[in-house]
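J.: Pasting a predicted model and its sequence here:
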Amino acid sequence: MMLQAIKELGEEKLQQEGISPENIANKVLSTVVQDPNKNGNYPNVFVVLFRKTDGGFNYDRIQREESTKTKISRYLYRRGSPNGPNITPTCLVTDIDKTFRVKLEGWFTKFGQANPLFAELHRAIATDKRRILGDIKREAEFISSVKKQENIVLTVGLWEDEKLNYPGDYSEFRDLLREEIFNKYRGISTKDHVCAVCGEKKVEVFGEALSQIFKFYTLDKPGYIAGGFRREEAWKNFPICLDCMFKIEEGQKFINDHLAFRMGGQRYWLIPEFLRGIPEASKSVTEFFQIADRSGDTLRDERLALITEDEREILKECAELPDLLTYKFFFFEAQKGSSIPHEITLLVEDVLPSRLSRIFEAKQTADRCNLLHDVKIRKNEYADIKFRFNDFRGFSLSNKVFLEVVDRVFRGLYLDRGLVLSWLMTRIRQEFIKDHYLKPTLLRGLSALLFFDELGMFSQQQEQYKGGTPMTDLAPLAEDFFDRYERTFRSPPSKAVFLLGVLTEELLNIQFDKRGSKPFRKNLKSLMMKEEDFRGLLPKIQNKLEEYGKNCYYRSLETLISDYFLQSGQDWDMSTDELNFYFVLGMNLEATVIEALGLKKKRER
């Protein structure tokens, strides 16, 4: 169960910090307190500073400071209602007047009578309200004049006993925060019942606590409630004890900070599930947390082995752990501006490190293909093409189809090669029709085919007839080239159509040199050619080359193509997508093949 895994992750995290299960209550605050500058958008903190006097607290000034991780627990920030005060007076400034009125002044209006400290601060704010607001605006104007990032966190500070104290330094603020969090959970609860997560009978369990963390769990419709229209019976849906709730929230917090990634544009959580009761497993737990803590280091060497677009990715390192834990891949959609799961799109469970290792081995083998190296991406830019899920996602795949492929990769299920080729050719045809530079796109498609093939995901297909060696002058050089890429060129038709693509590109280049255009492209039928079209294309190319007086340079290549056609026989067992993929691949590797066959020197002579 995913929640059980998140709870155990939170539990392990607490133990890594030296906090025993008995002391979990003391960890509550660090679990529920939030970082106001989590995404780096609120680096400026304005502290409304009050000084202790014999008559209470008096407003002193606005102190500006940089937001730091070390003060998160002292700022004691926790979001509240968007149209009302937060759970603590610390808040994010949007409009200064409104934020001051609703979030700061409004907080002390709401809680000002809770204890003497709050009452004193409420009085001090009311006394110097106009001055405080004016000082905030002046400091904000200064920030906007010297910094690009103007967003502000607003909190209060008390100068007492020769030191500056923040809300988190006072038990009055901490106790109120703890009580408000408990009250949220107590909305729907029952006594003396079994917790759905830990399976133990607890003094009190809560029915609405889960919805505070996971937005996809909702009780806002009667049909979602076990008790029907009786909301007070909703605890029956998923009763959770407070202990498990805080461990789940601690686990989720760690996931958001260290284990939340993207793959092909899709958000996902990497959730470990540790084996219990095995002494050897404890080392793997420690190593996993060490790996997760390094997720923000985008300069580490493992970045070269990324299989997604996320530079924080840690899958390669996770693959190197022993099979004493498993991984869950939890894909989800979140609402705009939020990192909290709103809708589950895919859950892949029980993925062993050895399976991840096999995936990376397949990737490394595919990436070693020389055809993918030093590829011109655009003008004056060259790079190696490497398989990554985000590149594969770019072949016009819907979210549903992409996630199905991801699921099959991680679970080791078969994938239809013809279906993959149809996805690749959909985009390739679109770019071909627009006469775009195709080579990077085409080779990214080839890298995907090599990756899936190396993983054994195409192994259900029958082995194709490889044919013999043609009896032509170019045959040894051609067979040497094809042998280097035998996983790609497995049959005479694939070799024939590929070389026909090479010859076609040579003709198109000659036409462009002579006429400034490529009228022969209309014969390629937008890459929808069938077997008979390819057979008929060769004599058309020969005739055009004769017209330009260039056919003498290509007769040996034409003979080689004819020999492969003869070996292919009739009724090739290849789809239209596959035939056209090999053909356009030849067109885009024309220079490489011409050089490999020694035709470049012959042509230059």
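T.: In hand now; what should we look at?

J.: What residues sit buried inside the longest helix seen in the chain?
T.: Across the chain, the helix with the greatest residue count (assigned by DSSP state H) is helix 492-515. Across helix 492-515, burial judged by 16 or more other Cβ atoms under 10 Å covers 492-508, 510-511. Bear in mind the C-beta positions are built from the backbone N, C-alpha and C, glycine included.

J.: Need the CA coordinates for that helix. CSV is fine.
T.: Provided in CSV are the C-alpha atoms of helix 492-515 (Å, rounded to 0.1, in the frame of the first residue of the first chain):
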residue,chain,number,x,y,z
PRO,A,492,17.4,-7.6,-46.9
PRO,A,493,14.4,-5.3,-47.3
SER,A,494,15.6,-3.1,-44.5
LYS,A,495,19.0,-2.8,-46.1
ALA,A,496,17.6,-2.2,-49.6
VAL,A,497,15.2,0.5,-48.5
PHE,A,498,17.9,2.2,-46.3
LEU,A,499,20.4,2.3,-49.2
LEU,A,500,17.6,3.6,-51.5
GLY,A,501,17.1,6.5,-49.0
VAL,A,502,20.9,7.2,-49.3
LEU,A,503,20.7,7.3,-53.1
THR,A,504,17.5,9.5,-53.0
GLU,A,505,19.2,12.0,-50.8
GLU,A,506,22.2,12.1,-53.2
LEU,A,507,19.8,12.9,-56.0
LEU,A,508,18.0,15.6,-54.0
ASN,A,509,21.3,17.3,-53.2
ILE,A,510,22.3,17.2,-56.9
GLN,A,511,18.9,18.8,-57.8
PHE,A,512,19.3,21.5,-55.2
ASP,A,513,22.8,22.3,-56.5
LYS,A,514,21.5,22.5,-60.1
ARG,A,515,18.0,24.1,-59.6
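
J.: who does it touch, helix- and strand-wise?
T.: helix 475-484, helix 531-547, helix 555-568, helix 576-588, helix 590-596 (3 or more Cβ pairs under 8 Å, 6 or more residues apart in numbering; DSSP states H and E).

J.: what's the average pLDDT for it?
T.: The average pLDDT for helix 492-515 rounds to 96.

J.: what's the offset of that helix from the middle of its chain?
T.: 40 Å (Cα atoms, centre = their mean, to the nearest Å).

J.: Then stretch 179-193?
T.: Taking mean C-alpha positions (Cα atoms, centre = their mean), stretch 179-193 and its chain are 35 Å apart.

J.: can you give me the strands in this structure?
T.: 44-53, 56-66, 91-92, 152-160, 163-165, 189-194, 201-206, 240-241, 260-263, 266-274, 325-334, 341-351, 375-378, 381-383 (DSSP state E).

J.: so which of those is the most packed in?
T.: Mean neighbour count (mean count of other Cβ atoms under 10 Å) peaks for strand 240-241 among the strands of the chain, with a mean of 24.

J.: Give the partner strands of that strand in its sheet and their orientations.
T.: The strands beside strand 240-241 in its sheet (DSSP bridges) come out as strand 201-206 (antiparallel).

J.: The strand it pairs with vs strand 189-194, what angle?
T.: For strand 201-206 against strand 189-194, the angle by axes from the mean of the first three to the mean of the last three Cα atoms, to 10 degrees is 150 degrees.

J.: any chance of the strands of the chain in a markdown table, plus distance to Glu250 and mean pLDDT?
T.: Converted to a markdown table, these look like this (distance: least, Cβ to Cβ, whole Å; pLDDT from 0 to 100):
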| stretch | distance to Glu250 | mean pLDDT |
| --- | --- | --- |
| strand 44-53 | 25 | 93 |
| strand 56-66 | 27 | 92 |
| strand 91-92 | 23 | 94 |
| strand 152-160 | 23 | 94 |
| strand 163-165 | 26 | 92 |
| strand 189-194 | 21 | 85 |
| strand 201-206 | 16 | 86 |
| strand 240-241 | 14 | 85 |
| strand 260-263 | 15 | 94 |
| strand 266-274 | 13 | 95 |
| strand 325-334 | 17 | 94 |
| strand 341-351 | 17 | 91 |
| strand 375-378 | 44 | 94 |
| strand 381-383 | 41 | 94 |
